[in-house]
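J.: only geometry, no sequence info:
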């Protein structure tokens, strides 16, 4: 069963993503609600992939994306921003715009 890290500071969105992933047969890592909690989860066990909210209550998830990229773990950004709003180095990363249509991902 694939393990997916969910990083989002909005509990309702995190729960929605968790439910969707579990319906697809994935195991959830987290959810993490901050960069610190996501990095802690990554120290405990490596996920197979991750869904990262870009903006997290005054911080960004770029530090988590850096760790995932260094470990070769695929991730997607979930954001209300346009791709132009991402740091230049991450503009080629897969991106979902929130609110996103989960049915479009299956």
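T.: Here it is on my side, so go on. Given the structure is predicted, the values throughout are model-derived calculations rather than measurements.
J.: look at residue 22 and tell me its secondary structure.
T.: Classification of residue 22 by DSSP: H, G, I helix; E, B strand; the rest coil places it in helix.
J.: tally of neighbours for it?
T.: Using other C-beta atoms under 10 Å, residue 22 is surrounded by 13 other residues. Backbone N, C-alpha and C define where each C-beta goes, glycine included.
J.: do residue 58 as well
T.: 7.
J.: in stretch 56-69, what's buried?
T.: Residues 56, 60-62, 64-65, 67-68 are the ones in stretch 56-69 that count as buried (16 or more other C-beta atoms under 10 Å).
J.: what about the helices in the chain?
T.: 11-23, 35-44, 62-70 (DSSP state H).
J.: counting contacts, what elements does the second one pack onto?
T.: So that's helix 35-44. Under the contact criterion of 3 or more C-beta pairs under 8 Å, 6 or more residues apart in numbering; DSSP states H and E, helix 35-44 touches strand 3-7, strand 27-32, helix 62-70.
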